[in-house]
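Q: Sequence and predicted structure are below.
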Amino acid sequence: MHKDATQEEINHVIAEVQKLGFKADVSRGESITIIGVIGDERNIPFHQLSILPGVKETRMIETPYKLISREYNADHATNRIIHAGEVEIGGKTPVYIAGPCAIESKAQLFRIAEEVKKAGAHILRGGIFKPRSSAHSFQGLGAQGDSEAREALTWLRDAGRMFEMPTITEIRGETKVELIAEYVDILQIGARNMYDQDLLGVVARQGKPVLYKRHFGASVEEFLSFSEYLAVEGNKDIILCERGVLPTGKGKSFTRYTLDLAAVPAIQEETYLPVIVDPSHATGRRDLVYSMSCSAMAAGASGLAIEVHYNPAESWVDAAQAITADELKNIIDTCNRLHALAVENRKKAFNKPGR
Ligand code: PEP
Ligand code: MN
């Protein structure tokens, strides 16, 4: 829209877009407003829209990820800050998500919640529906039945309330979306489900922030393109999470996945959404979590997601990568300082405020 377009003109364009059978998405910046036209792009009558009062120009955004792109954002340099309770994700300071891989019992969850809070974590995680490689492994308490799922979800909600942390858990399938959304603050889509566009749609429509993990075989472009399935539902509270891609070559890789840290600043160039890193699943090794956490901060990540257990080796799931709350505290203390340094000097290096 023109800089001086009136609200009436903006409303008129939105109404016309909707009349044509498209959805309208409004991106309002300090000085300009951009109206996104969502639908089958083959049928968008660009010329017809371009002559409406107040319209400056109409054009196609060429990337497959349009709504989440900086190009589309009316304030190119502005990053999105996502709110979960009192916590800001993508703001000035890094955010730490911590907790067990899987919730094992009420006592286990509450003990870990208390410890990670003391260590400086902001958001409490705990898996209730676990994606597992073997059908014969523990699938999470939620898989045992609806009442067990509700019970575990209640513990997670109550532990979050007691220790003042918003909560997050993974949604593995469409049938459980509404149930889980009743209890938790942030909905996680795991790496294995990155490509499930039907699940993405249902999750986005809950209107809660979504933590969206990159599939271990996905390119950055695919990752961003599929994020768009969340955004087209009107939900741009998307936290992108890099968690490693499949290692290449013959022989032993020494890590569970290969953490693609260059993806962090590369993604930040493309989108205004916050990017966090999961060093636990990326490495699969507790002895590497500290180093990869520091590296993620140096790369400019907005936060970390880390698996914690008071008795790491005894964790029911992902025991090899769990760390203690003391180790988490050391990571958080170091990473807070690294984040400040990296972000401050990066601005100087690129002269791009806000990125
Ligand atoms: C998880 O965070 O619990 C998890 C299973 O991670 P990912 O989807 O990245 O494997
Ligand atoms: Mn895990």
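A: Happy to help now that I have it. Ligands and ions are numbered 1, 2, ... in the order given.

Q: give me the number of residues near L199?
A: L199 is flanked by 19 other residues according to other CB atoms under 10 Å. Quick note: C-beta positions are derived from backbone N, CA and C, even for glycine.

Q: Look up which helix or strand it falls in, please.
A: According to DSSP states H and E, L199 maps onto helix 197-204.

Q: again, but for T169
A: strand 167-170.

Q: Distance from that strand to the middle of the chain?
A: Centroid displacement of strand 167-170 relative to its chain, using CA atoms, centre = their mean, to the nearest Å, is 11 Å.

Q: how about it, does it reach ligand 2?
A: No - using CB under 5 Å from the ion, strand 167-170 stays clear of ligand 2, with a minimum separation of 9.2 Å.

Q: pLDDT averaged over that strand - what is it?
A: For strand 167-170, mean pLDDT is 98.

Q: Can you tell me what sits against it?
A: Strand 167-170 is contacted from outside by 97, 123-131, 153, 156-157, 159-160, 180, 183-190, 211, using CB atoms under 8 Å, 6 or more residues apart in numbering.

Q: How about the residues of the stretch 1-150 of the chain by ligand 2?
A: Residues of the stretch 1-150 of the chain lying near ligand 2 (CB under 5 Å from the ion): C101.

Q: Might you name the residue of the stretch 1-150 of the chain sitting closest to ligand 1?
A: Among the residues of the stretch 1-150 of the chain, G127 lies closest to ligand 1, at 4.8 Å counting by CB to the nearest ligand atom.

Q: and that residue, what pLDDT?
A: For G127, pLDDT reads 98.

Q: pretty sure it contacts F138?
A: No - using CB atoms under 8 Å, G127 is not in contact with F138; the gap is 10.1 Å.

Q: Counting neighbours, which bits of stretch 244-254 end up buried?
A: G244, V245 (16 or more other CB atoms under 10 Å).

Q: Same check on stretch 94-114?
A: Within stretch 94-114, judged by 16+ other CB under 10 Å, the buried ones are 94-104, 108-109, 111-113.

Q: gap between it and the chain center?
A: The answer for stretch 94-114 is 19 Å, by CA atoms, centre = their mean.

Q: picking up where we left off before, any idea of the mean pLDDT for the next helix or strand after the strand holding T169?
A: If you walk from strand 167-170 toward the C-terminus, the next helix or strand you reach (DSSP H and E) is helix 177-183. The pLDDT scores in helix 177-183 average 98.

Q: ok, whichever helix or strand comes after helix 177-183: who's next to it in the sheet?
A: Using DSSP H and E, the next helix or strand after helix 177-183 towards the C-terminus is strand 186-189. When sheet partners are counted by DSSP bridges, strand 186-189 sits next to strand 167-170 (parallel), strand 210-213 (parallel).

Q: Can you name the residues in contact with strand 186-189?
A: 84, 123, 125, 166-171, 177, 180-181, 196, 199-200, 203, 206, 208-213, 239.

Q: low-scoring pLDDT stretches of this protein, where are they?
A: Low-confidence segments of the chain, defined by pLDDT under 70: 351-355.

Q: How is the closest residue to L124 other than its chain neighbours classified with respect to secondary structure?
A: Nearest residue to L124 in three dimensions, chain neighbours excluded: M165, at 4.3 Å (CB to CB, 6 or more residues apart in numbering). What DSSP: H, G, I helix; E, B strand; the rest coil gives for M165 is coil.

Q: give the contact list for M165.
A: M165 sits in contact with G85, V87, A113, V116, K117, A121, H122, I123, L124, A159, where contact means CB under 8 Å, 6+ apart.

Q: In ChimeraX, select just the buried ones from the residues you listed.
A: The ChimeraX selection below is limited to those of the contacts of M165 classed as buried (16+ other CB under 10 Å):
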select :87,113,116,117,121,122,123,124,159
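
Q: Sort out for me which of the contacts of M165 are in strands.
A: Taking DSSP state E as the definition of strands, the contacts of M165 contribute V87, I123, L124.
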